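*Asks:* The following comprises the amino acid sequence and a computationally predicted model.
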Amino acid sequence: MKALQGVEGQVEWCERPAPACDVGQIRVRVAAAGLNRADLLQRAGLYPSPAGSSDVLGLECSGVVSEVGAGSAWQVGDRVCCLLAGGGMAEEVVVDARHALPVPQGLSLAEAAALPEVYATAWLNLFQLAGLKPGEKVLLHAGASGVGSAAIQLCKAFGSPCWVSVGSTERLAYCTGLGAQGGALRGENLASLRDFAPFDVILDPVGANYAELNLELLARDGRWVNIGLMGGSKAQLDMALLLGKRIQLSGSTLRNRDDEFKAALLSDLGQHVWPLFGEGRLKPQLEQSFAAKDVQAAFAALASNQVAGKVVLLIDESLV
């Protein structure tokens, strides 16, 4: 099968043997794969796949089940979208059957490829780790990203007002269109977030650059979940303020979680989140899709930081 590798800062299609489909697994003929920042890091050699997982790029994909291992309830021909530790950018992928969800009613396979990673990340960190409750105020840094786009919609759907930090007035308008109450522009008036504080929960993929401000903006008993380091890994914090406010600071990753954890997370998503797509309360934010031959352009689009929402690579256009 053809599969996409990161090689010395570039991506290239190569031939790989098709993986075997074992007990409890399904084989999926891939229609489309979502792009994520982890793919950019892996391409650059900075984020290798976890031990035992595929080194092929791609943390989420959609497609059609083509083989079912013993013990799985899926059927050949089912339309699914999958959360992966790697391997999604290939003609086919074998995945733990519990890590797949049905394509929501009314969505295309291209749209479905933009869902698993970002909704799993947003749900895990806001609702499971931070314990977000209706009415609590949320700050989402990088609000126009794929995760941010999902998080805004989830906050709206479950009754928690949210604000964002973004890079431009256009991206702020995009976020308010999805349901954010407002926000601030990084590099200009990020401190204006004080006008909306205090926040009960902050979801932050930036890291060090925002650490001091996050601590200031959080309410007493606030929860701060850090999911990325785009702004650096080392920061100084006023620990007296952290203690005085009883702040809970959590570091969170999803890719290297074990199969049981991901299975439980996907089950929770299927129960609480997936029905909202059918009701029209959640919508995939697919900004750009690229043919497989245009993979370099797809990665460049994501790396530009100008995308609001998601970029998807179309692996098999006959399916989408």
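*Replies:* That came through fine.

*Asks:* Pop out the phi and psi values for the residue nearest in space to the middle of the chain.
*Replies:* What sits nearest the mean C-alpha location of the chain, by Cα atoms, centre = their mean, is Val118, with 2.2 Å. Main-chain torsions, Val118, degrees, to the nearest 10: phi -70, psi -40.

*Asks:* Show the pLDDT at it.
*Replies:* pLDDT recorded at Val118 is 97.

*Asks:* from memory it sits against Ile152, does it?
*Replies:* No - between Val118 and Ile152 there is no contact under Cβ atoms under 8 Å: 11.0 Å. Yep, even glycine has a C-beta here, placed from its N, CA and C like the rest.

*Asks:* The helix of greatest length in the chain packs against which elements?
*Replies:* Longest helix in the chain by number of residues (criterion: DSSP state H): helix 259-272. Counting contacts by 3 or more Cβ pairs under 8 Å, 6 or more residues apart in numbering; DSSP states H and E, helix 259-272 packs against strand 79-83, strand 92-96, strand 100-102, helix 116-122.

*Asks:* What are the contacting residues of the third one?
*Replies:* Residues from elsewhere that reach strand 100-102 (Cβ atoms under 8 Å, 6 or more residues apart in numbering): 26, 28, 65, 74, 78-83, 116, 266, 269-270, 274.

*Asks:* Gln198 and Trp224, how far apart?
*Replies:* Heads up, residue 198 is Pro, not Gln. Taking Cβ to Cβ, to the nearest Å as the measure, Pro198 falls 12 Å from Trp224.

*Asks:* helices or strands next to the helix or strand where Arg27 lies in the packing?
*Replies:* Using DSSP states H and E, Arg27 sits within strand 25-34. If you count contacts as 3+ Cβ pairs under 8 Å, 6+ apart, strand 25-34 packs onto strand 60-68, strand 79-83, strand 92-96, helix 109-112, helix 116-122, strand 310-314.

*Asks:* In JSON lines: those, plus distance to Gln296.
*Replies:* Formatted as JSON lines, those follow (distance: least, Cβ to Cβ, whole Å):
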{"stretch": "strand 60-68", "distance to Gln296": "19"}
{"stretch": "strand 79-83", "distance to Gln296": "24"}
{"stretch": "strand 92-96", "distance to Gln296": "22"}
{"stretch": "helix 109-112", "distance to Gln296": "19"}
{"stretch": "helix 116-122", "distance to Gln296": "21"}
{"stretch": "strand 310-314", "distance to Gln296": "11"}
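
*Asks:* Can you say which of the ones you listed is nearest to Glu12?
*Replies:* strand 310-314 (13.5 Å; Cβ to Cβ).

*Asks:* give the contact list for the closest residue to Asp96 other than its chain neighbours.
*Replies:* Residue nearest to Asp96 in three dimensions, not counting chain neighbours: Asp259, with 5.4 Å by Cβ to Cβ, 6 or more residues apart in numbering. Counting by Cβ under 8 Å, 6+ apart, Asp259 makes contact with 96, 98-99.

*Asks:* Quick one: neighbours of Cys14, just the number.
*Replies:* 12 (other Cβ atoms under 10 Å).

*Asks:* Find the nearest non-adjacent residue to it, please.
*Replies:* The shortest distance from Cys14 to any non-neighbouring residue, by Cβ to Cβ, 6+ apart, is to Gln5 (5.3 Å).

*Asks:* In three-state terms, label the one you found for me.
*Replies:* Following DSSP: H, G, I helix; E, B strand; the rest coil, Gln5 is assigned to strand.

*Asks:* what sits against it?
*Replies:* Applying Cβ under 8 Å, 6+ apart, the residues contacting Gln5 are 11-14, 55-57.

*Asks:* 7 Å instead, please
*Replies:* By Cβ atoms under 7 Å, 6 or more residues apart in numbering, the contact list for Gln5 reads 11-12, 14, 56-57.

*Asks:* next one: Leu83
*Replies:* By Cβ under 7 Å, 6+ apart, the contact set of Leu83 is 60, 99, 116-117, 120, 262, 266.

*Asks:* Separate out the buried members of those.
*Replies:* When neighbours are counted using 16 or more other Cβ atoms under 10 Å, the contacts of Leu83 contain these buried positions: 60, 99, 116-117, 120, 262, 266.

*Asks:* Name the nearest of those relative to Pro205.
*Replies:* Checking the buried ones among the contacts of Leu83 against Pro205 by Cβ to Cβ gives Glu117 as the nearest, at 12.8 Å.

*Asks:* Now do Leu46, the pLDDT please.
*Replies:* 88.

*Asks:* what's the distance between the closest residue to Ala303 other than its chain neighbours and Leu57?
*Replies:* Nearest non-adjacent residue to Ala303, counting by Cβ to Cβ, 6+ apart: Leu40, 5.7 Å away. Separation of Leu40 from Leu57 (Cβ to Cβ): 10 Å.
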